[in-house]
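Engineer: Predicted coordinates and the sequence they were generated for:
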Number of protein chains: 2
Amino acid sequence: MAVNYPEHVTLDEAWGLLRRAFGEYAGRFAAKMEISAALGHILTEDVTAARNVPHYAASAVDGYALSAGDTAGSSFATPVRIKKDKWQWMNTGAALPDWADSVLMVEDSSREEEEVVVYKSLTPSENVRPLGEDVMAGQIIAREGEEVSPALVSLFLCAGLEDVPVRRRARTLFIPTGDEMIPREEWLARETQRSGTAAESNSLFIAASFKKWGYRLDVAPILPDVPQILKEYVQKGVEDYDVVLVGAGSAKGERDHTIEVLSELGEVLFRGVRMKPGRPAIAAKIKGKPVICLPGFPMSTAVALWSLVYPLLRLLAGAGGETRELAREALAVKKIMPTKLLVQHSSPAGIEEWLKMKTALVGGTVYSWALTSGASVLWAIAESDGVALLPPSALECERGTEVDVWMTRDADLERRALFQGSDDPAVQLLVTPIRRRGADFVCRAVGSMGGLAALSRGECHVAAAHLLDEKTGGYNDLFIERFSKGQRWERLLLFYRTQGIIVARGNPKGIYRFRDLCTKDIVFSNRQPGAGTRVLFDCLLKQEGFCSERIKGYSQICTTHMEAANRVFAGAADAALGIKSAADALGLDFIPITEEPYELVILHEYLDHPGVAALLDSLNDAGWRGKVEEMGGYRWPK
Amino acid sequence: MAVNYPEHVTLDEAWGLLRRAFGEYAGRFAAKMEISAALGHILTEDVTAARNVPHYAASAVDGYALSAGDTAGSSFATPVRIKKDKWQWMNTGAALPDWADSVLMVEDSSREEEEVVVYKSLTPSENVRPLGEDVMAGQIIAREGEEVSPALVSLFLCAGLEDVPVRRRARTLFIPTGDEMIPREEWLARETQRSGTAAESNSLFIAASFKKWGYRLDVAPILPDVPQILKEYVQKGVEDYDVVLVGAGSAKGERDHTIEVLSELGEVLFRGVRMKPGRPAIAAKIKGKPVICLPGFPMSTAVALWSLVYPLLRLLAGAGGETRELAREALAVKKIMPTKLLVQHSSPAGIEEWLKMKTALVGGTVYSWALTSGASVLWAIAESDGVALLPPSALECERGTEVDVWMTRDADLERRALFQGSDDPAVQLLVTPIRRRGADFVCRAVGSMGGLAALSRGECHVAAAHLLDEKTGGYNDLFIERFSKGQRWERLLLFYRTQGIIVARGNPKGIYRFRDLCTKDIVFSNRQPGAGTRVLFDCLLKQEGFCSERIKGYSQICTTHMEAANRVFAGAADAALGIKSAADALGLDFIPITEEPYELVILHEYLDHPGVAALLDSLNDAGWRGKVEEMGGYRWPK
C-alpha cells in the first residue's frame, strides 16, 4: 500500500501537524458559559464590567462620617469636637451620606454624649471607598486568552455578569483495544492470570490524568483485535465526541490494522514520532476531528499523552504554548532542575528520549539517574522525581553530563540521604521512619562493591556492604581499606543476616546443601558481579571445587534478593542464593548456609546531614525493629 | 468579658495553633479508598504489590523466541539458520515458551520458508521482559505520605490492588452572613442595587478555589446578622461537616457576635492575625472540629483562605509543609521571581502584608509594583501576575527594594512591553491585538509627566503624553526636551483627542463652556498633578483668571478619564474634564473644549523589543482602529 502520510516525524513536526490540522477546529469550541462553570476556561473575548464595584461611595472602616473641613487642626493633643448633626455612625461598607466627604476611624475618636471627639485631622475622601474603586462600568476586567480564575468568577458576579465567552472543553473518548487485555474487574477478581495477558490499566492512567487536568473522559469497552469493530467504534466516536483516543494493546504484533482503519476513515496526519518511548503514536483527522492512537506500553501511553494529547486539548481550549512547555504543564512540573548524571546513559541516535529521573544532592552536586529506560515500567513513573527529555543529539551521556530534570515532585534534596550499596529489604523499610522524621532516604541497590566505590567517589552519603574476604574468611575490612583511601569512614554493624538457598515451596528438587546446586540438574538464578551475595556464591563454589560453567543460569542476573526469590517463585529458576526474608515474603522454602555481618558505611562529614541523622535515629525506631524481627533471618548485634 | 484566647497572633503562631489543635483530628480521616477515587489523596501506609508485574516472562518485541546459544556467531555477513522446531513467533507481550531464553527482533531476521535467518547473535534474556520486571509481589510500590498520582492508580491495578489506605478529604460548609449581602440571583436580576449592599460573591470565590484544589464545598444560605441564627447553623455545621467556615459580611461594624457565638460553642484558638489584609480572621475548635471565621472583604477572604484554610485542609489530608509553602500551593504559584520595586511602598509595622503585584522587565531589571494595597479590590487579584508577602520588618520600601513575587501567571516578560503615561481608553484596547501578535503590553496610568519621567529613568519601554505648554500653546516639545536629556526618543503622533467637559445626561446644571465650571455652583472632579488633562485644566483656569480655590472638588483626584466620568455618572460630581470616549462609554453628555495631540514616546533602542514591535504593528490593526473610531472623540493624523 502506498503511504501518503509523514512517517517518523519529530515531536515538533508532530505538534506542528496537529496545530495546522486543528487550529481552525478550535474555533468551534467557543461558548457562553455560566460564570462559576467557566472556572479554568479560557476567555474568547475581552470582558467588560456591566456595573461599578462598589456601586456607591462606601465607608472603608467603622467610624463616623464627617466633613473633613470640620476636623482641621485636630490631633491627640488638640482634639476637635463635632456636634450631633455633623456626624453619622458608619459600619464598614455603609453608604456615605451626601453631606459627608470622609470617615473618621472609631480608633481615632471618642464619644462624649452626643459629641464625637476627633483626634486626627482628615483629608477629603479619607477612609472612603469611591464608587467604582474596584471596577468601573465599561472597564475591561478580563481579556481574551486569559484563564478564568476564582477571583475572576467572583469579580464577574460583582460586575453584574451572568455568563462569559469561553472555549468549552473538548469531550474525549478512549477506546482500549487488544485481545490480551483483561478488564479491571476480571483482573482483580482472579489472583492468577494467564500468561500473555495484562490488566487494561491505561484507561485508569488516562482517566486520572484527565481528571487532574479538569477534563472529562469516557472509556469504551475493550475491543478485540478485529478491524471492523474498531472501525465502527471510531466512526461512532467522532460523531459523539470532540477527540477520540485509540489505545493499542500493550502486546500486539500486528498493529497495522489501526493505521488501516484510520486511513480508510480519514486522513492520517503522521505515523510514528521520533521519540522513545512513544514512537508508534499515530494521529489522524476523521470528519474534521482528531483521532490519536496511543501506543500500549504504560510509559509510551504516558509520553504520548503528555506530548501530544494534552497539547491538543489545550490548543482546542484556546491556550498557546510550545510543545515542551505544554508537556511540562501536563506533567505539572514544579521546576526545572539542572543536574549531573550519576550513571552514564546511552541515548539512541536521532530521537528524543524521555527518562524517568531520580535525584539526590551529595557534596554540593545535584545528581540524577534514570530509573529504567524501558517503556513498560509503571513503577518508575510513580517513583521518579521527574522527567528528563534528552535531545536527539544526546547519544553517549557520560557520568557527570548535565541534564535538566523537570521535577514533578517537591523533593527536599537538602534533607534527602542517598544510599548506594547492598540491597536489603530491611533497609528499604527505613524510608518511611526516616520520612516521619522529616527527612528523606533514597536507596540504590548497586551491590556492596558498587556502594563502596560510590562512597569513595563522593556519590552517596551512605553505603552498605557484606563482602566476604575469601582469604581470611572475615568481612568488609579489606574492601573498606581499599576504597576509603584515607577518607574518614564510619562503620556501623547494622545486623547479621542469614544467607541461604531459596527454593520453591516444598523443595521439589530436593536441595539440602550448597553442593546440591552443582550436582543436581537445577536452574540457578544468580546475582550481579560486585554484589556481596555473588561474592559469597563464588567463594562457596571455589570451596566446593566447582566451575561456574557447570551452573545452569549462572549468567542469569538479578540485582536484588526479591528479584531472585521472585524468579524461583514463578518457576523461572529452581534456586537462588539470598536472604531468608526474601524467601519468607513469597512463602518459599529456605536452606540456611551462613550468617554474615551487614555494615552501614558513612562518610564522617555526613553524620550531621539531616537525612543521615534521621537514618541513624530510625535505627532505634521500635516499629522498624519490630518489622525486621517479624521478617526473620536477621540478628541484632550485641 | 474576659478574653481567654490569643489575640493578634502572627501567621506562624496561627498556623502552629491550628496544627496543635487539629493534628490529632487529622487521624480521623484515614479511609480505604477505591484506587481511582484515591487519585490526589495521600497514602497513610506503605503499599505493597500483591502480584508480579508482568506476571510471566514476556517478549519485549515482535520476533522469534529462540535459544540464545543457537545464534552464536551470527551476523549480517554470517547469518545462522534456525530450523522449524527451534523457533516460535512472538507478538510483543506474548509469553516466552519454557525452552526459549531470548527473542530475536523481526528486524534482525528474515524468513526462508520454515527457517528463520538470524543476522545477530543474542545473549540469554535479550528482548525478554522478566517476570516482575515492573513490580515484584511483596515490593513496596508506594509509601506513606505520598500522593496518589495517575501512574500509581494504574500501577495499583496492575499489582492487583482494589483499594488503598489514604486520608479522605474534609467536607466543608461555608456560611455567608450579613444583612447587606445580596444573593447571586437577586444581584444579577436587578441592575440597580441599593446603596450599602453588596453581592455575596465570596461563596463563588471560595467554591471556585475549592474546586481547583479538588475539594468539596457546600454553601449555606446567607444568614442575617442575628447571633442565635448563626449559632444554630454553626452547631449543625460541625455535626454534618468536617470543617466550617463562617463568612463575615464585607460591611459590618459590630462583628462581635461571631466571636461571642464561637466562644459560647467551643474554644476560640485565636482572634486576629498580624497580617494585612486578613487581620480579623478567627479560628475556633467546636466539638473537636475547626471553625474559621473569614473576614468579608474579598482580598481578606482570599488571604485567609490561602494562608489558613488551605493549610488546614492539607493538614487534615496528611500533607506536611510550612505555612508559606502551603499558601504558595494554594495559590498555585508557578515560580518565585526576584524583582525590584518600581514604586515605593509603605508597609505597616509589625504585620505581614500581602500585595498583588504586576511585573515587567525593562533594561535587564525585573520591576514589580503593587496594584493596590486595599483589602477590597477583586480586580487587582485577577489582574496581578502574582503575590508578594512582605515581612513585618519591611516598613518603608524605597523604589528599587528587592521583593520576591510569587508568580501565579506565566508572564512572558521578555515579550511584554511596559507603557507608562497618559491614561487613554484607546491605548487600553491595544492589549488584545498585541497579545494576538504573541507579545504582551501592560499599561500604567501615571499621567503624561509621570510617563516621560519614567522613560527617562529607564523604567518603561513606551510613554505617552499630551502636555500643553502654556507659553507657546504647543504640545510636548518642551517637556520631551527637558526629560530626554540626550537620550534618543522616538515620537509617534498616535491621534488627536477631543477634550471637554463631562456632565450628567441632559446636562442638568446647564454647563455650556469652561467658565461655567467656575461661576456656577457645581462640584468638579479633578485629575492628578502631572496628568496632561490636569495641566490643561490649570491652563484654562489661568486663562479665565480664576483661582483653583474657587473650584469645589479641585482636590478630589481621579487618575483616569473613566474614573472621572464615573464620578459624574454616579452623581458624586457634576462635571469633570476628560475625553469624549469616557463620556460616551457611560452615556453622559459632553461639551467639547479643545483638541489635543496624543503622542507615543519610545526609547529608540526598544523599537525592536517584541512587545514594542507588536504595539507598532497593532496600530494598523483594522479591528482596533474600528473600535477607536466607534468610541468617538478621536481623529487620525494625516
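Structural biologist: The structure has been received and is ready for your questions. Quick caveat, the model's predicted, so the values are computed rather than measured. Numbers count the residues shown, from 1 in each chain, chains lettered A, B, ... in the order given.
Engineer: use CA for all of it now, contacts and neighbours both
Structural biologist: OK.
Engineer: Could I get the full set of helices for the stretch 351-500 of chain A?
Structural biologist: A:378-383, A:425-428, A:431-436, A:447-456, A:477-484 (DSSP state H, counting those that start in this stretch).
Engineer: possible to save the ones you listed as CSV with distance to chain B, mean neighbour count and mean pLDDT?
Structural biologist: Formatted as CSV, the helices of the stretch 351-500 of chain A follow (distance: least, CA to the nearest CA, whole Å; neighbours: other CA atoms under 10 Å in any protein chain shown; pLDDT from 0 to 100):
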stretch, distance to chain B, mean neighbour count, mean pLDDT
helix A:378-383, 5, 23, 86
helix A:425-428, 8, 17, 94
helix A:431-436, 7, 21, 95
helix A:447-456, 18, 25, 96
helix A:477-484, 30, 15, 94
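Engineer: Can you tell me the element A:Cys293 falls in?
Structural biologist: Secondary structure assignment for A:Cys293, by DSSP states H and E: strand A:289-294.
Engineer: so A:Ile141 sits in a helix?
Structural biologist: No: A:Ile141 sits outside any helix when classified using DSSP: H, G, I helix; E, B strand; the rest coil, being strand.
Engineer: now the residue sitting nearest the centre point of chain A: how far from B:Ser149?
Structural biologist: Residue closest to the mean C-alpha point of chain A, counted by CA atoms, centre = their mean, is A:Thr408 at 4.8 Å. Separation of A:Thr408 from B:Ser149 (CA to CA, to the nearest Å) stands at 10 Å.
Engineer: try A:Glu232
Structural biologist: From A:Glu232 to B:Ser149 the distance is 33 Å (CA to CA).
Engineer: more neighbours, those two?
Structural biologist: B:Ser149 (21 against 11; other CA atoms under 10 Å in any protein chain shown).
Engineer: residues in contact with the more buried one?
Structural biologist: Listed by CA atoms under 8 Å, 6 or more residues apart in numbering or on different chains, the contact set of B:Ser149 reads A:208, A:382, B:39-40.
Engineer: Would you format those as TSV with secondary structure included?
Structural biologist: Below are those laid out as TSV (three-state DSSP):
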residue	secondary structure
A:Ala208	helix
A:Ala382	helix
B:Leu39	coil
B:Gly40	coil
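Engineer: could those residues be laid out in CSV, adding distance to A:Val612?
Structural biologist: What follows is these, written out as CSV (distance: CA to CA, whole Å):
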residue, distance to A:Val612
A:Ala208, 36
A:Ala382, 24
B:Leu39, 32
B:Gly40, 30
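Engineer: Quickly name whichever of those residues is closest to B:Gly296.
Structural biologist: B:Gly40 (30.5 Å; CA to CA).
Engineer: For the closest one, the count of nearby residues, please.
Structural biologist: 21.
Engineer: pretty sure it is in contact with B:Glu147, am I right?
Structural biologist: Yes: judged on CA atoms under 8 Å, B:Gly40 makes contact with B:Glu147 at a distance of 5.6 Å.
Engineer: Now do the SS call for A:Ala573.
Structural biologist: coil.
Engineer: list the contacts for the closest residue in space to it that isn't next to it in sequence?
Structural biologist: Spatial nearest neighbour of A:Ala573, chain neighbours left out: A:Val523 (5.1 Å); criterion: CA to CA, 6 or more residues apart in numbering or on different chains. Applying CA under 8 Å, 6+ apart to A:Val523 gives the contacts A:551-553, A:572-575.
Engineer: cutoff 7 Å now
Structural biologist: A:552-553, A:573-575 (CA atoms under 7 Å, 6 or more residues apart in numbering or on different chains).
Engineer: From chain B, how far off is A:Ala283?
Structural biologist: Going from A:Ala283 to chain B by CA to the nearest CA, to the nearest Å gives 22 Å.
Engineer: Thank you, goodbye.
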